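Visitor: next comes the sequence, and after it the predicted model I'd like to discuss.
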Amino acid sequence: MTGFLSSLHFREHLTGQGHPETPSRLDFIDRQIHRNPLFSPLIHLSPQPISDEWLFKVHPADYIRQLESSAPKEGLFYLDPDTPVSPLSFQTARLAAGGICRAADEIMQNKIRNVFCAVRPPGHHAGISQAMGFCLINHAAITARYLQEKHHLERIAIIDWDVHHGNGTQEIFYEDPSVFYFSVHQFPFYPGTGSSRETGRGKGEGFTLNAPLDRGKGDREYFDLFENVLYPRLEIFKPQWIIISAGFDAHRDDPLGQMEISTEGFGRLTSIVKKTAEQFCSGRIVSILEGGYNLEALAESVEKHISELMA
């Protein structure tokens with residue numbers, strides 16, 4: 001009853017030699033999953049592109065057209081110093097967002113209980129009208145709007161444990177009380193946002209919860225935050241759905257972060273979130289791959305993450 005969304009097409013977003021956000025990330029994940037017989041019950045899902053209608057719920061049309069037109073005929077074009085696009089990058093992002101929303105439909109139809117979406121490019125740095133940090137469109141935000149408008153859900157929680165603050169997701173929902181956004185991340189660090197003082201604005205005041213941590217923090221500090229800070233807030237919010245922005249770059253072996261989460265630690269975080277989802281929203285979780293750049297640690301952490309979703 002756990003879904004696994006992946007596709008060879010997600011390798012068609014090319015980033016160039018030496019870039020950490022590489023198609024090999026999915027190769028390592030797929031090998032780790034397919035060689036483990038414990039994962040034979042996984043329900044494998046394939047994506048289909050998302051329509052402009054749903055993209056426009058989060059990103060304005062002129063931004064989407066800009067992304068489309070920026071695709072080079074060959075080679076790479078850089079949207080910012082960290083964010084290259086290749087000829088098929090935008091189509092790949094569109095396919096990823098469509099696949100995630102299709103997975104959400106499968107959960108709503110009780111065909112699966114939860115899902116991990118092994119997609120590229122990542123999304124949580126993509127703001128309303130800005131690509132940055134390897135991200136083009138914001139998959140978690142699009143999924144939240146899709147759930148609200150197609151499936152008439154009123155309260156969505158997004159839990160972001162990527163080592164970098166999800167500044168794009170925060171921007172999109174900063175004034176929105178219908179989406180509770182929680183981020184635990186290394187701070188100060190890229191992209192420079194995510195202080196504990198950033199709690200929302202207007203009607204959205206109190207619906208953003210940032211948990212910035214000094215470099216070097218690991219399992220114990222993360223578990224404490226999830227059990228003693230995040231859970232009481234979700235108990236009040238009572239989400240009808242949980243989206244995980246599942247970055248694995250807070251792993252102790254990751255080359256881009258300086259945090260100390262173990263592979264087993266990601267399993268424990270997944271277990272905590274899963275129990276919370278079972279309490280408040282019938283276990284409904286869409287987990288979306290964000291960062292994670294040590295290929296072995298990424299694959300092993302995803303393996304642990306999925307095994308806990310299946311438990």
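Guide: Okay, I see it. Residues are numbered from 1 along each chain as shown.
Visitor: ok, His124 - contacts?
Guide: Listed by CB atoms under 8 Å, 6 or more residues apart in numbering, the contact partners of His124 are 135, 138-140, 160, 162, 164, 166-169, 245, 247, 290. Bear in mind the C-beta positions are built from the backbone N, C-alpha and C, glycine included.
Visitor: from those, keep the buried residues only.
Guide: Among the contacts of His124, the ones that count as buried by 16 or more other CB atoms under 10 Å are 135, 138-140, 160, 162, 164, 166-169, 245, 247, 290.
Visitor: who does the residue most central in space within the chain form a beta bridge with?
Guide: By CA atoms, centre = their mean, the chain has its centre lying nearest to Ser245, at 2.6 Å. Taking DSSP bridges as the rule, Ser245 bridges to Asp160, Ile288.
Visitor: show the pLDDT at it.
Guide: Turning to Ser245, the model gives it a pLDDT of 99.
Visitor: just to check, it is in contact with Ile159?
Guide: Yes - look at Ser245 against Ile159 with CB atoms under 8 Å: they come within range, at 7.0 Å.
Visitor: need the distance between the two termini of stretch 156-174.
Guide: Start and end residues of stretch 156-174 are separated by 13 Å (CA to CA, to the nearest Å).
Visitor: and the residue lying closest to Pro255 once chain neighbours are set aside, how many residues sit next to it?
Guide: Distances taken as CB to CB, 6 or more residues apart in numbering place Tyr293 nearest to Pro255, at 5.6 Å, with adjacent residues excluded. For Tyr293, the neighbour count with other CB atoms under 10 Å is 22.
Visitor: what about Tyr293, helix or strand, and which?
Guide: Using DSSP states H and E, Tyr293 sits within no helix or strand.
Visitor: was I right to think Gly123 contacts Ile137?
Guide: Yes - with contacts counted by CB under 8 Å, Gly123 reaches Ile137, the gap being 6.1 Å.
Visitor: which strands and helices sit next to the lengthiest strand in the chain?
Guide: Looking across the chain with DSSP state E, the single longest strand is strand 179-186. Here strand 179-186 touches strand 156-160, helix 167-173, strand 208-213, helix 231-237, going by 3 or more CB pairs under 8 Å, 6 or more residues apart in numbering; DSSP states H and E.
Visitor: average pLDDT for the first one?
Guide: When pLDDT is averaged along strand 156-160, the result is 99.
Visitor: now do that strand against strand 208-213, angle only.
Guide: Inter-element angle recorded for strand 156-160 and strand 208-213: 10 degrees (by axes from the mean of the first three to the mean of the last three CA atoms, to 10 degrees).
Visitor: other SSEs contacting strand 156-160?
Guide: For strand 156-160, the elements it packs on are helix 139-150, helix 167-173, strand 179-186, strand 241-246, judged by 3+ CB pairs under 8 Å, 6+ apart.
Visitor: what sits up against the second one?
Guide: This means helix 167-173. With CB under 8 Å, 6+ apart as the test, helix 167-173 has contacts from 58, 123-128, 130, 132-133, 135, 138, 140-141, 144, 158, 160, 179, 181, 183, 191, 193-194, 198, 204, 207-208, 210, 245.
Visitor: OK, contacts around the residue nearest to the centre of the chain?
Guide: So Ser245 contacts 123-124, 140, 158-162, 166, 169, 183, 288, 290 (CB under 8 Å, 6+ apart).
Visitor: any buried residues in stretch 173-190, and which?
Guide: Judged by neighbour count using 16+ other CB under 10 Å, the buried positions of stretch 173-190 are 173-174, 176-187, 189-190.
Visitor: distance between the ends of it?
Guide: 20 Å.
Visitor: now do the residue nearest to the centre of the chain against Val119, distance only.
Guide: Using CB to CB, to the nearest Å, one gets 12 Å for the distance from Ser245 to Val119.
Visitor: who touches both of those two?
Guide: With CB under 8 Å, 6+ apart, Ser245 and Val119 have common neighbours Ile288.
Visitor: coming back round to it: so which of the contacts of His124 is the closest to Gly16?
Guide: Gly16 lies nearest to Cys135 out of those, by CB to CB, at 16.2 Å.
Visitor: any idea what the closest one is bridged to?
Guide: For Cys135, the beta-bridge partners are Met132 (DSSP bridges).
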